[in-house]
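No sequence on hand, only this structure:
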């Protein structure tokens, strides 16, 4: 039952995002902060923290997980971090500023995704926020 409800909610989010309505929902009173969804190999989360704070937390998370950062880009509105593990597993973390205190986090492991490692990465990021 709960699984069907979750799938229904995810389907609703996907449908709304295609019509541009999701932006209106997120702006309305900060709704959506703290939500997490795994879809098509990518884990997406909205965190109540500045992009700078999430950036620092992502670096600490990669160190905790013993991943080596091999690429990074950052400006005031977005950031991207690429890291590799000892077995050459690649993690990409993309950040997007929603507001001064809200950041969207997208995590993709490898080409097709790895939900367990993506969620572990997000939990490590949250540990440092």
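Yep, that arrived. Keep in mind it's a predicted model, so treat the numbers as computed, not measured.

Quick check: closest non-adjacent residue to residue 83.
residue 67 (3.9 Å; CB to CB, 6 or more residues apart in numbering). Glycine gets a C-beta too; all of them are placed from N, C-alpha and C.

Give the next helix or strand downstream of the helix or strand bottoming out on mean pLDDT in the chain.
Every helix and strand in the chain was compared by mean pLDDT, DSSP states H and E; the lowest is helix 21-27, with a mean of 38. Tracing the chain past helix 21-27, the next element assigned as helix or strand by DSSP states H and E is strand 36-39.

I'd like the mean pLDDT over that next one, please.
For strand 36-39, the mean pLDDT works out to 93.

Show me what it pairs with in its sheet, parallel or antiparallel.
Applying DSSP bridges, strand 36-39 is found paired with strand 42-47 (antiparallel).

Now the element after the partner strand, going C-ward?
Using DSSP H and E, the first helix or strand after strand 42-47 is helix 51-64.

could you point out which element follows that following helix?
strand 68-74.

Now do that next one: everything it contacts.
Applying CB atoms under 8 Å, 6 or more residues apart in numbering, the set of residues contacting strand 68-74 from outside is 55, 59, 62, 79-85.

Can you tell me which of these are buried?
Among the contacts of strand 68-74, those classed as buried by 16 or more other CB atoms under 10 Å are 55, 59, 62, 79, 81-83.

can you list those in TSV and add pLDDT?
Below are these laid out as TSV (pLDDT from 0 to 100):
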residue	pLDDT
55	98
59	98
62	97
79	98
81	97
82	98
83	98
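
Which member of the residues you listed is positioned nearest residue 41?
residue 82 (15.7 Å; CB to CB).

buried residues in stretch 89-97?
91, 93-97.

Strands - which of the residues you listed land there?
91, 93-97 (DSSP state E).

Now tabulate those residues in JSON lines and tack on pLDDT.
Shown next, in JSON lines, are these (pLDDT from 0 to 100):
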{"residue": "91", "pLDDT": "98"}
{"residue": "93", "pLDDT": "98"}
{"residue": "94", "pLDDT": "98"}
{"residue": "95", "pLDDT": "98"}
{"residue": "96", "pLDDT": "98"}
{"residue": "97", "pLDDT": "97"}
